[in-house]
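Chemist: Sequence and predicted structure are below.
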Amino acid sequence: MRTYEASLDRAGLALGAGGLVGGAFAAALVSIGSGLAPLELLVGFVIGMLITTMAAVAIGGPVWLLCHALGWRGPGMAVTVGALAGFALFLGGQTYGFGLFDMPVSDTQTLLFRWMSAVATSLILALVAGVIGWTMWRVAYRRVR
């Protein structure tokens, strides 16, 4: 069995690395939507980096602390936590909080299509969140012999 350990400084660097990956993804999306305008790319990168970092702390952090305490510290678990957290975040955001919040009356006619679209786009974004989780794990953890 492989054992991994992290330190506080590497955890901070991992958070920064995850933010950089999220910022790069946001900048790539901005470039698709508005071309290669430098100011828009910079704003997209910075906002993507900040939102990714906040989401990693608020959503992935508590789940990862539990996994770390249970000894589930491998790269596969990091990808799984990232992907599941990203999937749940984006699915909830597109479905009015999983249907818990009021939605416009006009949306009741297309509710099935909203959910199908939300699941499809959330799966794509879960891949990105899994890459972010792996990147953060790679920076934070070292194998103990």
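Modeler: Happy to help now that I have it.
Chemist: what about the nearest residue in space to L42 that is not next to it in sequence, neighbour count?
Modeler: Of all residues not flanking L42 in the chain, A27 sits nearest, at 8.0 Å (C-beta to C-beta, 6 or more residues apart in numbering). For the C-beta atoms, the positions are set from N, CA and C on the backbone; glycine is no exception. Counted by other C-beta atoms under 10 Å, the residues lying close to A27 total 21.
Chemist: Use 418 as the first number for this chain going forward.
Modeler: Sure thing, new numbering starts at 418, so read that last one as A444.
Chemist: which SS class is A444?
Modeler: Three-state assignment for A444 (DSSP: H, G, I helix; E, B strand; the rest coil): helix.
Chemist: so what's Y558 bridging to?
Modeler: A423 (DSSP bridges).
Chemist: and it, what does it touch?
Modeler: 421-423, 427, 490 (C-beta atoms under 8 Å, 6 or more residues apart in numbering).
Chemist: check contacts around the residue nearest to L459.
Modeler: Taking C-beta under 8 Å, 6+ apart, we find A444 in contact with 458-459, 461-462, 465.
Chemist: Look at the residue sitting nearest the centre point of the chain and report its pLDDT.
Modeler: By C-alpha atoms, centre = their mean, the mean C-alpha position of the chain lies nearest to A546, the distance being 3.5 Å. pLDDT recorded at A546 is 98.
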